[in-house]
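>>> Just need the structure, nothing else, for what follows:
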Amino acid sequence: MSQKISTENIKELRTKTGAGMMDCKKALEASEGKIDLAIENLRKKGLASADKKSTRIATEGLIESYIHAGSRIGVIVELNCETDYVARQPEFHSLAHDIAMQLAACQLVDYVSTNDIPQELVLKERNIENEKDDLSKKPQEIKKQIVEGRIQKRLKELSLMDQAFIKNHEISVEELIKQHISLLGENIKIRRFERFILGEGLERKSDNFTQEVSKMIYNN
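Now for the predicted structure:
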């Protein structure tokens, strides 16, 4: 039987480590409520002190590019840190490369985080869900809960920070960033990205050569 973790213990661990509330809760559950062991576990995961640094201004960094095998998908991403010193570190370069690869693999992702998603899009998704047939006979309160759950799931699908890291599905991209904040001692932010897919937006010609010749004959 798992030990019940109090809100006070979670707040205490957060104060001591700067880690996120959910990270603190999970660490306390894993350590059966032992604060010292929970701190050690958070440090091993690179989560301690990450949230405290996450509010600091990051204006240095680099722009990383990645071209996927076959040269049909390309990504450019801007990754920021606080100093030029950290921007030159191999760990920072490796992180930028991993993020670019992640973006190439996750083609549904359009935003860095759910906070960046425009309210117009959220409203559009809510309207779509509200009109679905499977909810038409649900009580209003139940319908509202289902719609909200579906919207949150959809928004996370669009958010880079909420994706499982392609090299380690046990952590999210957000957790990956936090680990590197603790490792390098500076705030790190994914500022923006652009994805290029070969032929995207172009109207593909469907006529084959025989059809083209036939058109030429009948038009003469």
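>>> show me where this protein has helices.
Counting by DSSP state H, residue ranges of the helices within the chain are 7-17, 21-30, 35-45, 50-53, 84-87, 90-105, 119-130, 140-158, 173-184, 209-219.
>>> ok, residue 28 - contacts?
Each residue near residue 28 by CB atoms under 8 Å, 6 or more residues apart in numbering is listed here: 5, 9-10, 13, 34-35, 38. No exception for glycine: its C-beta is placed from N, CA and C like everyone else's.
>>> What separation do you get for it and residue 88?
Taken as CB to CB, to the nearest Å, the spacing of residue 28 relative to residue 88 amounts to 37 Å.
>>> just residue 25 next, same as before
Remark: distance between residue 25 and residue 88 (CB to CB) = 36 Å.
>>> Next: residue 186.
The value you get for residue 186 to residue 88, if CB to CB is used, is 12 Å.
>>> Also residue 200?
34 Å.
>>> residues touching the closest residue in space to residue 177 that isn't next to it in sequence, list them.
Leaving aside its sequence neighbours, residue 177 sits nearest to residue 188 (CB to CB, 6 or more residues apart in numbering; 5.6 Å). Under the criterion of CB under 8 Å, 6+ apart, the contact list for residue 188 reads 58, 79-81, 92, 95, 177, 180-181.
>>> wait, what's in contact with residue 62?
For residue 62, the contacting residues are 78-79, 87, 92-93, 96, by CB under 8 Å, 6+ apart.
>>> any chance of these in a markdown table, with neighbour count, distance to residue 67 and pLDDT too?
Shown next, in a markdown table, are these (neighbours: other CB atoms under 10 Å; distance: CB to CB, whole Å; pLDDT from 0 to 100):
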| residue | neighbour count | distance to residue 67 | pLDDT |
| --- | --- | --- | --- |
| 78 | 16 | 17 | 97 |
| 79 | 26 | 17 | 97 |
| 87 | 19 | 22 | 93 |
| 92 | 23 | 20 | 96 |
| 93 | 14 | 16 | 96 |
| 96 | 24 | 14 | 97 |
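>>> Take those residues and lay them out in a markdown table including distance to residue 132.
Supplementary listing: those in a markdown table, determined by distance: CB to CB, whole Å:
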| residue | distance to residue 132 |
| --- | --- |
| 78 | 37 |
| 79 | 38 |
| 87 | 47 |
| 92 | 44 |
| 93 | 45 |
| 96 | 40 |
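>>> Can you tell me which of the residues you listed lies closest to residue 156?
For residue 156, the closest of those turns out to be residue 79, at 21.2 Å, with distances computed as CB to CB.
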